[in-house]
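1. The sequence and its predicted three-dimensional model are supplied below.
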Amino acid sequence: MFVARSIAADHKDLIHDVSYDFHGRRMATCSSDQSVKVWDKSENGEWHCTASWKTHSGSVWRVTWAHPEFGQVLASCSFDRTAAVWEEIVGESNDKQRGQSHWIKRTTLVDSRTSVTDVKFAPKHMGLMLTTCSADGVVRIYEAPDVMNLSQWSLQHEISCKLSCSCISWNPSSSRAHPPMIAVGSDDSNVTYGGKVQIYEYNENTRKYAKAETLMTVTDAVHDIAFAPNLGRSFHVLAIATKDVRIFKLVPMRKESTSTGPTKFEVQIVAQFDNHNSQVWRVSWNITSTLLASSGDDGCVRLWKANYMDNWKCTGILKGDGSPLTGSSGQPTAMSTVVGSSVQTSQSVLNGTSAGRYFFPPLDPPRAGSRYGHLLPPSSLVEHCDAELIQPQQQAPLHRLYSRALLPLPETDGQ
Amino acid sequence: YNYFNWDCLLQFVKCATGSGSSLIHVVRKDEDIYSPILRKLFNESHHIFVGLQTIREDLPSKNKKPQFVSISKSYRSVIRACMEELQQVVSILLAIELIWNLCEVLFIDAVPAGSLLLHLLDWVRLHKADVDEKAREVLQSESPVEHHGYWDVPGSIHTLTEFDVKWRHWHEEVDRCLQDKSFASNVHLELICKILVGDEDTLLEHKELLSTWYHFLVTRLLFAHPTIKPTELHYYAQSCMAMFLDSRSAPETLDSILLAAFDFDIHQVIKDCSIALNNWWFVAHLTDLLDHCKLLQSHNLHFGSNLREFLLLEYASGLFNHHSLWQLAVDYFDHCPEFGRVYLELHIERVPLDTERKALKVLRICEQRQMPEQVRSICKIMAKRALRNNRLGSALSWSIRAKDAAFATLISERFLQDYCTRGTFSDLDLIDNLGPAMLLSDRLTFLVKYHEFHKLYGEKCFTEAAKLLLSLITAKIAPRSFWMTLLTDALPLLEQKEVSQTHPHLSLGLYDLTVICVFWSFQEEDIELTKVELLRLALARNLAKAIVKEGTVDA
């Protein structure tokens, strides 16, 4: 069950991205006000802004955390054609008392000639590697050879995608059976190049990235893309935010020993949902790939879950303020969560809504073209909502049965 | 103990003496009793309290009184809200206990005909007692079931067939009496007889005594079909429910679940419960038990190899959200053969490492299960964090635990730098007691040995110190950048009389060393000139001594 809390973000313009750190205790937001803010969760569960600083000379589109093995490191990318890497330094003791910390810029990556639309760190088993993609259709992969020196990054690969890029996602699998793989999404309006999602794979022999697949069935602008955690499976799962939510399965086909090219994949569509009835801007997986969250221009976040027969269904809907979407029966929307307890009230589930602990930055009312920073925190923050959903039968919750037997509460007299 | 007299932070320490035990008991007020519902009470009443304090003193009391009354009602409203919440929780618990109890009777205990009815009777009685207790409501009259001493006779006296025959006889007799209108004169007696034969209409007339359709079902079975077989249940269940419920009201969730149970459709029961209860606790544990009883067919599925595993994975994943309950989840994952391990790996590396203690707890879990990558990663995260906060000793021990040679080298360098600037070592205990772990990296080995050199020197074991210093340089584990420091350290040793006098071999070694250093000192560019001068002077003197000594020994 979900509990929503609102925090005044104090950004002076639209927030474009929100990103949790690896453990879900810290959060970074970035905005058109050109700044990034870092938030820390205190022991009592409250979020405090511990840093706020100007990062770019244009709107900041995305912000992302490096794995904590590399320290407290953030990367941001912007309309100003640059991406930057930031590291937190332990401040003076009086700063600590005030609950403030300092972030310093370690490097600026200036290779792009157009707006940099996404920035992501590669999986940690690949070392400290950063990837950007730009409106000019180039994906750049940088590496910091000395993980202790964040000022030195070398451009290792430039991948020309021929289409304006909007998003990237690394396949998190560290299995030896899977060479490094990156998915690139495009929001290009060009219709000549049909497929708006491309998959590139690293080739050990050529030491280069080569295109392995283009998803030809995705022809509309892609706003976000996300590989699911692998769980030791042989196949890959990819979620795409476009005019609807799509989930693809990529099954590697057996490679002949003489084949030197990239892996061939069998592409299957697992699910397609148009419930948002508008552009979908973000998709995000939980850590066991059992839950997918999507956000759209309808101002809602939807949660998708597969049951044990591998059928995907919507398992929850949240409005922009974090409250669940109520059914027509007018059930109360307030509910509290007893974390980890064995029993919880069930009203909302039967309504077709359920929830997880979410955090939404306060946003202006949705306007066309605005994108909600999605957030799927690591599952430490999201409680699984569960059962299959949106069954239209109006079944009364279990507890109602007992209201007959239990002593009814007398009417409260006046107030 | 009067609970309300304790301070929040009161702690007692009590030593148990006598009978040979030497235990210390630390008594602390249990904070977990502040259940979420009580916390809600505290939070809401806090607002009301603060509001009350702000009522202006100077108002005339006739103006204040309505406010005080309103505040009083606010407090009561909070109490009632908590009561209502508790009642909801209790209702759910009652429902799941009811369902579980029935599943136990039908599936797990798999009670055969004969005792089946007795068990169902107990089931209804227990449930009724539960509900009665919660409602604190005494039924207006006892249920007809209570009238019968008949059922107090132990059932084991007869076999089922014998009983059945006897019962049928008796049933026919009562029926005959009714047909004959033998009891027509006494309305109450006739009523009892009608009940005794299980006349549905009669029973239904007294619906209010039977609060639920399943109570009606069991009552009807008691009087009409006491030897009912499990496989016959569903027919009677359906019809009883239909008869009992208003034609207008649709069956509720609980009703469907119970019907499915009477139908012996275990999968349907699980499915309905999964939907109805917004938590996996019930279905996960019940399904696991049913699976152990071999009552579930297994399919091969994606998420979890079967339904049992799927539900356990869901339940345990939910537990990982909680700051302390996550530890329980570990055991659940351990018993999920297909995906338990990978789920655990993914979840456990995300547990926030708030304190060292928590990190050690997480590590122990990973080490016990041979998860070396998770161990390494967690140790690395802790090492990095310690280094950021300049806690070099902690950083070093975490990087040793992570078996991270590169990081250990880096931290050793920092130690050595610290030494150069401050002239002392920190974290001596740690460095002294590393044991074989020091071999993780050359730099670390050097650090340990170098510190050992200093200790020997401090204890005036100059010979040993000199030997060690020599080996440090010749074994080439001394970093180049440190040679100057080493030589400077060597200076006083070279001067020591006893070193060259008592150990000829050592002095020869020092001779070699001196020669090497002389050549080297002419090559190094960026050393302070005075230091070099001093060194050359000392080296020259020592050479002279050695030459003289050599000459003397040979002679």
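-> Alright, I've got the coordinates.
2. Helix, strand, or coil at the most centrally placed residue in chain A?
-> Centrality entry for chain A: nearest residue to the mean C-alpha point is A:Ser284, 3.6 Å, by C-alpha atoms, centre = their mean. At A:Ser284 the chain is in strand, as set by DSSP: H, G, I helix; E, B strand; the rest coil.
3. any idea how far A:Asp224 is from it?
-> Summarising the geometry, the distance separating A:Ser284 from A:Asp224, computed by C-beta to C-beta, to the nearest Å, is 8 Å. C-beta coordinates here come from the backbone N, C-alpha and C atoms, glycine included.
4. For chain A, what's the nearest residue on the stretch 1-150 of chain B?
-> Nearest residue of the stretch 1-150 of chain B to chain A, counting by C-beta to the nearest C-beta: B:Ser91, 3.6 Å away.
5. Look at that residue and tell me its secondary structure.
-> State at B:Ser91, reduced to three classes by three-state DSSP: helix.
6. Low-confidence stretches in chain A?
-> Under the criterion pLDDT under 70, the flagged ranges of chain A are A:1-3, A:92-97, A:257-258, A:322, A:326-415.
7. quick one on the thing from earlier: what sits opposite the residue nearest to the centre of chain A in the beta ladder?
-> Beta-bridge partners recorded for A:Ser284 (DSSP bridges): A:Ala293.
8. didn't it look like it was pressed against A:Ala228?
-> No: with contact defined as C-beta atoms under 8 Å, A:Ser284 and A:Ala228 do not form a contacting pair (10.1 Å).
9. Now the common contact residues for the two.
-> Contact with both A:Ser284 and A:Ala228 is made by residues A:Leu292, according to C-beta atoms under 8 Å, 6 or more residues apart in numbering or on different chains.
10. which residues are contacting stretch B:399-417?
-> For stretch B:399-417, contacts defined as C-beta under 8 Å, 6+ apart pick out A:148, B:363, B:375-377, B:379-380, B:383-384, B:387, B:392, B:395-396, B:425-427, B:431, B:434, B:437, B:440-444, B:446-447, B:450, B:479, B:482.
11. what is the rounded mean pLDDT of it?
-> pLDDT averaged over stretch B:399-417 equals 91, rounded to a whole number.
12. again with stretch B:333-352
-> The average pLDDT for stretch B:333-352 rounds to 94.
13. Give the buried residues for that stretch.
-> Of the residues in stretch B:333-352, those buried under the neighbour-count criterion (16 or more other C-beta atoms under 10 Å in any protein chain shown) are B:333, B:336, B:338-352.
14. Going by secondary structure, A:His16 is in what exactly?
-> With elements taken from DSSP states H and E, the one containing A:His16 is strand A:15-20.
15. give me the element the most centrally placed residue in chain B is part of.
-> Most central in chain B under C-alpha atoms, centre = their mean is B:Gln327, positioned 2.3 Å from the mean C-alpha point. Secondary structure from DSSP H and E places B:Gln327 in helix B:326-334.
16. From the contact count, pick out the helices and strands touching that helix.
-> If you count contacts as 3 or more C-beta pairs under 8 Å, 6 or more residues apart in numbering or on different chains; DSSP states H and E, helix B:326-334 packs onto helix B:307-319, helix B:340-348, helix B:356-368.
17. how about the second one as CSV, C-alpha atoms only?
-> Coordinates of the C-alpha atoms in helix B:340-348 are reproduced here as CSV (Å, rounded to 0.1, in the frame of the first residue of the first chain):
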residue,chain,number,x,y,z
GLY,B,340,15.7,-17.4,-4.3
ARG,B,341,19.4,-16.9,-4.6
VAL,B,342,19.3,-14.3,-7.3
TYR,B,343,16.5,-12.4,-5.6
LEU,B,344,18.5,-12.4,-2.4
GLU,B,345,21.6,-11.2,-4.3
LEU,B,346,19.7,-8.3,-5.8
HIS,B,347,17.9,-7.3,-2.7
ILE,B,348,20.8,-7.6,-0.2
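18. can you count the residues close to the residue of the stretch 1-150 of chain B closest to chain A?
-> Applying the criterion other C-beta atoms under 10 Å in any protein chain shown, we find 23 residues in the vicinity of B:Ser91.
19. ditto for the one 10 residues further on
-> By the measure other C-beta under 10 Å, the count of residues near B:Asn101 is 17.
20. thinking again about what came up before, shouldn't the residue nearest to the centre of chain B be in contact with B:Lys361?
-> Yes: under the criterion of C-beta under 8 Å, B:Gln327 lies in contact with B:Lys361, with a separation of 7.4 Å.
21. ok, which stretches of chain A are helices?
-> Counting by DSSP state H, one finds helices in chain A at the ranges A:93-97, A:347-351, A:398-403.
22. so what's residue 67 closest to, chain neighbours aside?
-> Going with chain A. Setting aside the residues directly before and after it, A:His67 is nearest to A:Lys124 in space (C-beta to C-beta, 6 or more residues apart in numbering or on different chains), at 4.2 Å.
23. switch to chain B, that's the one I care about
-> B:Ile55 (5.7 Å).
24. Could you look up the SS state of the one you found?
-> coil.
25. tell me the contacts of it?
-> When contacts are counted by C-beta under 8 Å, 6+ apart, B:Ile55 touches B:64, B:67-68.
26. does B:Glu173 sit in a helix or strand, and which one?
-> The secondary structure element spanning B:Glu173 is helix B:160-179 (assigned by DSSP H and E).
27. Go ahead and confirm B:Met279 touches B:Leu319.
-> For residue B:279 the amino acid is Asn, not Met. No: between B:Asn279 and B:Leu319 there is no contact under C-beta under 8 Å: 10.8 Å.
28. Neighbour count for the two, which is higher?
-> Ranked by neighbour count (other C-beta under 10 Å), B:Asn279 and B:Leu319 place B:Asn279 first, with 28 against 21.
29. just checking, that one is part of a strand?
-> No: under three-state DSSP, B:Asn279 sits outside any strand and is assigned coil.
30. separation between it and chain A?
-> With the distance defined as C-beta to the nearest C-beta, to the nearest Å, B:Asn279 ends up 5 Å from chain A.
31. What about the closest residue to B:Gly114 other than its chain neighbours, how many residues nearby?
-> With C-beta to C-beta, 6+ apart as the measure, B:Leu160 is the residue that lies nearest to B:Gly114, at 4.3 Å, once sequence neighbours are left out. For B:Leu160, the count of nearby residues is 14 (other C-beta under 10 Å).
32. looking at it, A:Ser295 is touching A:Gln279, isn't it?
-> No: counting by C-beta under 8 Å, A:Ser295 does not reach A:Gln279; the two are 10.1 Å apart.
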